[in-house]
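In: the following comprises the amino acid sequence and a computationally predicted model.
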Amino acid sequence: MAAGSETKHNFLEMTEIRKSFGDMTVLHDVSLSVSQGEVICIIGPSGCGKSTFLRTANWLTPADGGEVRLAGELVGGVPDARSVSTQTKELNALRARVGMVFQNFNVWPHLSVLENVVCPQMVVAKRRRGEAEKQALAALAEVGLDDKKSEWPDNLSGGQKQRLAIARVLAMDPVLVLMDEPTSALDPELVSGVLNVLKRLAQKGMTMIIVTHELGFASSVADRVVFMEEGRIVEEGAPDVILQTPKTERLKLFLEKLNITAFKPNSDSAGHPTMDSGS
Amino acid sequence: MSIDLSIITNYGPQLLLGFWMTIKIVVGAIILGMPFGLVLALGRRSRLAIIRFFATSFIEVFRNTPFIIQVFMLFYVLPFYGLHLPAEYVGVVALAAFGSAYFAEVIRGGIDAVAKGQLESARATGMSDWQAMRYIILPQTLPIILPAMTNQTLSLVKESAILSTITVGELTMAAITVQGETFRPFEAFIMVALLYWALNETLAIIMRRVERKVSRRTSSSSRAKVVRAAPAATEG
């Protein structure tokens, strides 16, 4: 899913990211570099540090060591020579171009669907209302929510909330989108609607890092699958290689465990049983 | 004990003057105290330890000492340091300081009650801490804190009676004067009690209206109820 001649290597460069919570080290010098237009799926058992790793990419969880660069610009690093106010200012400017989608949607319940998408554009990107609304409507149409623009988020289903969160990100014209288990909090029948939106984004060449348990989705959409365990990247590579011919015993065990419950590795759809039912 | 109605007609204007002073002082204390309470609440969350320390100390001192002592400190002690303020000003400042400590704790509780993910998602779009507070967190805090803020406002009205001890010509002071001149404590104090009650009841009614309006505007659950109730109403 590379963006043709514009492909730039090392678009996002995460170097030796280290993170501890108290005595527990959750990330052991993890490095990852992402090209422009690349879609990366991070998989791994619960508590392996994949979400924490993703959250260091926009420094929402500041790392204890290592650094993150986006198109050469420093997102965050330890040590960081910049003053605290410069760090904050530059980080906020970077975050405006890096979207993030959360497991629990985190849509803003006090704002209508349209205003959820308009608000960050006006506050952060300093767009005028007219332009922000135009962008918002386009983004809502992209995720299939244009008919819900006057609704309150609490009246939306989980799948619609997550698609709203994605629209909020898209309206900011992100160069990179981070997704932290975007379908894990959804009822099974609502998962496919969200995954379809993500697939379309991938086809359009959006650079994305997606932490997910949806192996079928990963195999059909990802350019690269990263398997993490115990705070380290154990294996990474093309999805068919990683998911069909795992080299390490740990990945084999992980895939077997998931296989028993849901995953059909040879399914030629995205692998999700309700992929086409919509939501 | 028979009620001497002539006291009401003769001294009514004097009491109403005191009542007016009480209203002015409480309104002044709210206008100063609520924004300052917000400043204190945000100060407690500051990244700078020194600001956290001052905000926390202020809140703890004013919450954990008697209001009458705070009033005496301001009224009797400040002049020793060359600061002579009229009693009414001291009254407004003391009431505002006392109130702000309680307002701050209510606001802090409200901010904490908004889910942590709300702040994270705001920060992730590139909002500064202040922008996230202003546009995402505080608007969600408002409906949560309104009932408690109303309670604190009603107590401020009642606490303002303490200011009679430093010669502020407010409602309780007026009542004491009237009973001193007439030796009719019942008439004097029952009227004053009724006036406090009327003021607080009015405030409570206004705040309930505001609460309804705010929760209708900000929370869809009440809105959803209205929508759901509509078809049932047409059937019945």
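Out: Nice, thanks for sending it over.

In: run a quick neighbour tally on B:G110.
Out: B:G110 sits with 21 neighbouring residues when counted by other Cβ atoms under 10 Å in any protein chain shown. Any C-beta I mention is one placed from the backbone N, CA and C, and that applies to glycine too.

In: separation between it and B:V210?
Out: Distance, B:G110 to B:V210, using Cβ to Cβ, to the nearest Å: 15 Å.

In: tell me the buried residues in stretch A:61-75?
Out: A:61, A:63, A:65-70, A:74-75 (16 or more other Cβ atoms under 10 Å in any protein chain shown).

In: and which of these is nearest chain B?
Out: Using Cβ to the nearest Cβ, A:T61 comes nearest to chain B of the buried residues of stretch A:61-75, at 9.6 Å.

In: who's in contact with that closest one?
Out: A:19, A:52, A:55 (Cβ atoms under 8 Å, 6 or more residues apart in numbering or on different chains).

In: so it, which state does it fall into?
Out: Taking DSSP: H, G, I helix; E, B strand; the rest coil as the rule, one finds A:T61 in the coil state.

In: quick one: pLDDT of it?
Out: Listed pLDDT for A:T61 reads 94.

In: how about B:N10?
Out: Reported pLDDT for B:N10: 86.

In: just A:D268 next, same as before
Out: So, for A:D268, pLDDT stands at 45.

In: ok, which pair from the buried residues of stretch A:61-75 is furthest apart?
Out: Of all pairs drawn from these, the greatest distance, 18.4 Å, lies between A:G65 and A:L70 (Cβ to Cβ).

In: helix or strand for residue 202, which one?
Out: No chain was given, so I picked chain A. In the assignment (DSSP states H and E), A:A202 maps to helix A:188-203.

In: try chain B instead
Out: Assessed by DSSP H and E, B:T202 sits inside helix B:185-218.

In: before we move on, the earlier item: which of the buried residues of stretch A:61-75 lies closest to A:N10?
Out: A:R69 (8.1 Å).

In: for the closest one, which non-adjacent residue is spatially closest?
Out: Computed as Cβ to Cβ, 6 or more residues apart in numbering or on different chains, the closest residue to A:R69 that is not its neighbour in sequence is A:E13, at 4.5 Å.

In: which phi and psi does the residue nearest the centre of chain A have?
Out: Central residue of chain A (Cα atoms, centre = their mean): A:M179, 1.9 Å from the mean position. Torsion angles at A:M179 (phi, psi; degrees, to the nearest 10) stand at phi -130, psi 120.

In: ok, it touching A:M208?
Out: Yes - counting by Cβ atoms under 8 Å, A:M208 is a contact partner of A:M179 at 6.5 Å.

In: overlap in contacts, these two.
Out: A:L198.

In: so for B:L119, what's the pLDDT?
Out: pLDDT for B:L119: 95.

In: any idea which helix or strand carries it?
Out: When elements are assigned from DSSP H and E, B:L119 belongs to helix B:116-124.

In: for that helix, what is the distance to the chain centroid?
Out: Mean-position distance between helix B:116-124 and its chain equals 30 Å (Cα atoms, centre = their mean, to the nearest Å).

In: helix or strand for A:T25, just tell me which one.
Out: Following DSSP H and E, one finds A:T25 within strand A:24-34.

In: for the helix or strand of chain A with the lowest mean pLDDT, buried residues please.
Out: The weakest-scoring helix or strand in chain A, judged by mean pLDDT, DSSP states H and E, is helix A:249-261 (a mean of 84). For helix A:249-261, burial by neighbour count (16+ other Cβ under 10 Å) applies to A:250-251, A:254-255, A:258.

In: quick one: contacts of that helix?
Out: The contact list for helix A:249-261 (Cβ under 8 Å, 6+ apart) reads A:43-45, A:213, A:215, A:227, A:229, A:234-235, A:242-243, A:246, A:263, A:265.

In: specify which member of those residues is nearest to chain B.
Out: Closest approach between those and chain B, by Cβ to the nearest Cβ: A:H213, at 19.5 Å.

In: tell me which element that closest one falls in.
Out: Going by DSSP H and E, A:H213 is not part of any helix or strand.

In: how about it: what's its closest non-neighbour residue?
Out: A:S184 (6.3 Å).

In: ok, that neighbour - contacts?
Out: By Cβ under 8 Å, 6+ apart, the contact list for A:S184 reads A:103, A:212-213.

In: ramachandran coordinates for it?
Out: Taking degrees, to the nearest 10 as the convention, A:S184 sits at phi -70, psi -30.

In: so which of the contacts of A:T61 wins on neighbours?
Out: Compared across these, A:K19 has the highest neighbour count, 24 neighbours, by other Cβ under 10 Å.

In: all helices for the chain, in order.
Out: Answering for chain A, as no chain was given. For chain A, applying DSSP state H gives helices covering A:50-57, A:84-95, A:113-123, A:129-142, A:158-170, A:188-203, A:215-221, A:239-244, A:249-261.

In: that's the wrong chain, I wanted chain B
Out: All helices of chain B, identified by DSSP H, fall at B:5-44, B:49-64, B:67-72, B:87-113, B:116-124, B:129-132, B:138-159, B:171-182, B:185-218, B:220-235.

In: contacts for the second one?
Out: Put plainly, it is helix B:49-64. With Cβ under 8 Å, 6+ apart as the test, helix B:49-64 has contacts from B:39-41, B:43-46, B:70, B:97-98, B:100-102, B:104-105.

In: next one: stretch A:148-163 to chain centre, how far?
Out: Centre-to-centre, stretch A:148-163 and its host chain are 20 Å apart (Cα atoms, centre = their mean).

In: and that stretch, C-alpha only, in PDB?
Out: Output of stretch A:148-163 as PDB, limited to C-alpha atoms (Å, rounded to 0.1, in the frame of the first residue of the first chain):
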ATOM      1  CA  LYS A 148     -26.100  11.600  11.800                       C
ATOM      2  CA  LYS A 149     -24.500  15.000  11.900                       C
ATOM      3  CA  SER A 150     -27.000  16.500  14.300                       C
ATOM      4  CA  GLU A 151     -27.200  13.500  16.600                       C
ATOM      5  CA  TRP A 152     -25.700  13.400  20.100                       C
ATOM      6  CA  PRO A 153     -22.900  10.800  20.400                       C
ATOM      7  CA  ASP A 154     -24.700   9.000  23.200                       C
ATOM      8  CA  ASN A 155     -27.400   8.100  20.700                       C
ATOM      9  CA  LEU A 156     -24.900   6.300  18.400                       C
ATOM     10  CA  SER A 157     -24.000   2.600  18.500                       C
ATOM     11  CA  GLY A 158     -20.500   1.600  19.400                       C
ATOM     12  CA  GLY A 159     -19.500   1.200  15.800                       C
ATOM     13  CA  GLN A 160     -20.900   4.600  14.900                       C
ATOM     14  CA  LYS A 161     -19.000   6.200  17.800                       C
ATOM     15  CA  GLN A 162     -15.800   4.600  16.600                       C
ATOM     16  CA  ARG A 163     -16.500   5.800  13.000                       C
END
